[in-house]
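A.B. asks: show me the folded form of this:
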Amino acid sequence: MKDSDKLGCYYCAKTKFHEYELPKSEIKSLKYQERPKTEHPLNHVSYIGRSSKGHSIPHTSFENLIKFSMEWSEFPDRLTHIVNYVDCYGANGSGLATYENMRFTINPDAENYKYEPINDLVNRLQLILIPGLDKATFVMNRITGLTVKIQSLLKLISDLESIHIPPCDVSFVVYGSKSQKGATLQDPYLYSGEEIRQIAMEKSKCRMIREMNIGTFARVFRGENSRNKGAEWVNTEEIDQDEWDEINNEIKFECI
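C.D. replies: Take a look at the predicted model:
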């Protein structure tokens with residue numbers, strides 16, 4: 001069996017991520033940042049993008065997310081908190097990896113804009129967030145732009161809690177799920193850290209979990225008795241039909 005057939009992350013298997021040498025990646029030291037000098041509560045917003053292809057991410061992708069977060073009427077805490085833009089985090093890494101293992105930052109292209117490594121998410125927030133007053137929000141194009149495993153989200157939530165940021169003060173905002181001609185259509189949703197813990201506890205088949213199932217043939221929940229069965233679990237109306245055909249025809253189940 002080919003090595004690419006053993007990978008549980010759909011995008012990693014499709015692009016044979018493990019064979020890339022990633023010359024455009026580098027490890028960066030932690031970027032120092034101070035909290036804005038204000039007594040008002042802040043919502044610290046971080047923008048996340050992950051690539052399994054070893055390719056750069058154009059900064060326009062992040063600019064679109066920033067514009068969306070400023071305009072979406074249901075963006076968390078928009079009426080009670082001042083938005084503090086933290087940074088754009090971009091990394092080469094598998095969708096099965098936890099955030100602290102994504103230490104290779106992506107350099108985009110001629111724009112010469114260097115993203116921050118995803119494994120610095122918690123450390124940066126520890127520098128600037130006042131527990132009990134401020135909030136933390138993570139924005140991504142799709143949930144698979146961070147991970148395809150619910151356990152990875154729980155790890156991030158747990159590490160934030162260890163620096164006194166409770167799950168109720170953490171939000172995950174996703175731009176959309178459906179694609180058209182390679183672009184994600186705007187159809188946003190969000191979950192708090194508390195809601196994600198509840199989803200994991202009940203093994204709910206919500207929109208976020210259906211999207212994770214698209215991105216992996218590994219177990220999405222810890223303790224499942226079998227691998228993710230793809231077509232049996234995913235609402236195929238949520239994604240582009242051509243993309244679904246690619247998944248069914250090209251990607252094998254993860255090997256035990």
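A.B. asks: how would you label Phe172: helix, strand or coil?
C.D. replies: Judged by DSSP: H, G, I helix; E, B strand; the rest coil, the three-state class of Phe172 is strand.
A.B. asks: right, and it touches Ile143 too?
C.D. replies: Yes: counting by CB atoms under 8 Å, Phe172 touches Ile143, with 7.4 Å between them. Where you see a C-beta, it was placed from the backbone N, CA and C, and this is true even at glycine.
A.B. asks: for Lys155, what are its contacts?
C.D. replies: With contact set as CB atoms under 8 Å, 6 or more residues apart in numbering, Lys155 has these partners: Thr98, Tyr99, Glu100.
A.B. asks: which residues does the first one contact?
C.D. replies: The contact partners of Thr98, by CB under 8 Å, 6+ apart, come to Thr147, Lys149, Gln151, Ser152, Lys155, Leu156.
A.B. asks: what of the second one?
C.D. replies: Taking CB under 8 Å, 6+ apart as the definition of contact, the neighbours of Tyr99 are Ile118, Asn119, Leu121, Val122, Leu146, Thr147, Ser152, Lys155, Leu156.
A.B. asks: the third one in helix, strand or coil?
C.D. replies: Using three-state DSSP, the three-state assignment for Leu121 comes out as helix.
A.B. asks: show the pLDDT at the residue nearest to it when sequence neighbours are not counted.
C.D. replies: Distances taken as CB to CB, 6 or more residues apart in numbering place Tyr99 nearest to Leu121, at 5.9 Å, with adjacent residues excluded. Tyr99 is assigned 87 on the pLDDT scale.
A.B. asks: where does pLDDT dip in the protein?
C.D. replies: For the chain, the stretches flagged by pLDDT under 70 are 1-32, 53-55, 107-113, 179-182, 214-256.
A.B. asks: now with 50, please.
C.D. replies: 1-6, 16-28, 110, 226, 229-239, 244-256 (pLDDT under 50).
A.B. asks: now do the strands in it.
C.D. replies: 25-27, 42-51, 82-92, 104-106, 135-140, 170-174, 179-180, 183-184, 189-192 (DSSP state E).
A.B. asks: need these in a markdown table (columns: distance to Glu63 and mean neighbour count).
C.D. replies: Listed next are the strands of the chain as a markdown table, based on distance: least, CB to CB, whole Å; neighbours: other CB atoms under 10 Å:
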| stretch | distance to Glu63 | mean neighbour count |
| --- | --- | --- |
| strand 25-27 | 21 | 14 |
| strand 42-51 | 9 | 24 |
| strand 82-92 | 9 | 21 |
| strand 104-106 | 15 | 23 |
| strand 135-140 | 12 | 24 |
| strand 170-174 | 16 | 23 |
| strand 179-180 | 19 | 12 |
| strand 183-184 | 14 | 14 |
| strand 189-192 | 20 | 18 |
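A.B. asks: as a markdown table, those with distance to Lys67 would be great.
C.D. replies: A markdown table is the format used below for these (distance: least, CB to CB, whole Å):
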| stretch | distance to Lys67 |
| --- | --- |
| strand 25-27 | 27 |
| strand 42-51 | 11 |
| strand 82-92 | 12 |
| strand 104-106 | 21 |
| strand 135-140 | 11 |
| strand 170-174 | 13 |
| strand 179-180 | 19 |
| strand 183-184 | 14 |
| strand 189-192 | 17 |
